[in-house]
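**Q** Got a predicted model here, sequence first, then my questions.
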Amino acid sequence: MTSSVKTVHVDLAERGYDILIGEGLIARAGELIRPLMKTGRDRVFVVADETVFGIHAETLRKGLQTGDLCFHSTLVPSGEKSKSFSQLDDVLSDLIEHGAERDDLILAFGGGVVGDLTGLAAGLLKRGARFVQMPTTLLAQVDSSVGGKTAINSRAGKNMVGLFHQPVLVLADLDMLATLPVRERFAGLAEIAKYALIDDPNFFDFLETSAAALAEGNKAALAEAVRVSCASKARIVAIDETEQAERALLNLGHTFGHALERANDYRSSLLHGEGVAAGMAMALRYSVQLGVCPGQDAVRAERLLNALGLATRIRDLGGGPYKPDELLAHMAHDKKARNGKLTLILARGIGQAYIHRDADLTPLKQFLVSEAGATGIQMKPLGYT
């Protein structure tokens, strides 16, 4: 392993695995994956985003050849709509028809949608096959590819049908980010900021000083941000794998953000990271309204997100309309709700997220009404559209 590749280990005893972060990892995919193959097998099953596959198929093919591996590919349409029962059925049917078995290895090659869908398919295939995450977006590299959460969406809401199924390896190839649209990079930066806001003020300081470089796609800055983010998530997952306590903190901004996505019918006019960024800013502003968070911390968080190219106010988001009553109804169906009570992830300050159970819906609705008409600061970096 070259020194430029960083390794973060997810410590789950016998189910633990490594996250490799660096350049040229897909070009070495076969070499890196070969030790995980069962004896006598030289074919892997690739479930790939069709757009990503169209750009990087040859790199992947040559990379797998470094381990004398061939592959069968199953292509998935780009976009959140692919996290569906029908697409899950298509993927499983194709894998089974082409001879995939429990001892085979399935590779998820794409962003978070493909990673979530493939992980769920692998977990269900003949009661559980192993899989490797090969995330090709910044958001997937720092969030959805790590931790074993797999899911599809249902009519009731986002990620409502899924299971915990850990990968056996994650290859976070920074070269894949070179072809990433600017808007997708900004969306990934939202999840990076989340780790700082949860419990790492020092990382927040780094993001503030590096915001321009990160927004412009500076590879060295991104490499460090990905490493710290993955290490942060790995630590939390090792403590609370199935989200019984601390892992819920990783949903900072997501209850608001998922409601925004659902209200927009998961259209591409609002990316997941964009919803999360606005959701985190809303969570901090609501924390201020409850009197638990200093106002200056909410402002500072909003300024960072704006500097990373992200809108933090409902009126500045794409898509919509975002109606307060509708948002509240979607929030009530959030996965963190228990016994009809809504749980929010709020903050007492930067790096001080906490779990707020049994949220009172009356002030929350009033807050959503005020948010729907509010405007705020915008400090978008050069190149933001």
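**A** Noted; the coordinates are in hand.
**Q** List the buried residues in the helix or strand encompassing residue 231.
**A** Residue 231 is part of helix 219-239 when elements are defined by DSSP states H and E. For helix 219-239, a neighbour-count test (16 or more other CB atoms under 10 Å) marks 221-234, 236-238 as buried. (Glycine included, C-beta is placed from N, CA and C.)
**Q** elements contacting whichever strand or helix holds residue 59?
**A** Assigned by DSSP H and E, residue 59 belongs to helix 50-65. Packing partners of helix 50-65 (3 or more CB pairs under 8 Å, 6 or more residues apart in numbering; DSSP states H and E): helix 29-33, strand 43-49, strand 70-76, strand 105-110.
**Q** That helix vs strand 70-76, what angle?
**A** 170 degrees (axes from the mean of the first three to the mean of the last three CA atoms, to 10 degrees).
**Q** beta partners of residue 163?
**A** Residue 163 has these beta-bridge partners by DSSP bridges: residue 150.
**Q** was I right about it contacting residue 150?
**A** Yes - counting by CB atoms under 8 Å, residue 150 is a contact partner of residue 163 at 6.0 Å.
**Q** what about residue 163, distance to residue 242?
**A** In this structure, residue 163 and residue 242 are 10 Å apart, going by CB to CB, to the nearest Å.
**Q** my bad, residue 42
**A** Residue 42 is 34 Å from residue 242, by CB to CB.
**Q** quick one, domains of this protein?
**A** Domain ranges of the chain: 6-179, 182-372, per automatic domain parsing.
**Q** chain center to the helix holding residue 231, what's the gap?
**A** Relative to its chain's centre, helix 219-239 lies at 12 Å (CA atoms, centre = their mean, to the nearest Å).
**Q** what does that helix contact?
**A** Residues outside helix 219-239 that contact it (CB atoms under 8 Å, 6 or more residues apart in numbering) are 6, 8-12, 19, 21-23, 138, 141-143, 146-148, 170, 172, 174, 177, 189, 191-192, 195, 198-200, 203, 206-207, 210, 213-214, 246-247, 249-250.
**Q** Recalculate using a threshold of 7 Å.
**A** Residues outside helix 219-239 that contact it (CB atoms under 7 Å, 6 or more residues apart in numbering): 6, 8-12, 19, 21, 141-142, 146-147, 172, 174, 177, 192, 195, 200, 203, 210, 213-214, 246-247, 249-250.
**Q** Stretch 173-183 now?
**A** Residues from elsewhere that reach stretch 173-183, judged by CB under 7 Å, 6+ apart: 22-26, 55, 136-138, 185, 217, 219, 222-223, 271, 383.
**Q** And residue 163 and residue 242? Which one has more around it.
**A** Using other CB atoms under 10 Å, the more surrounded residue of residue 163 and residue 242 is residue 163, with 14 against 11.
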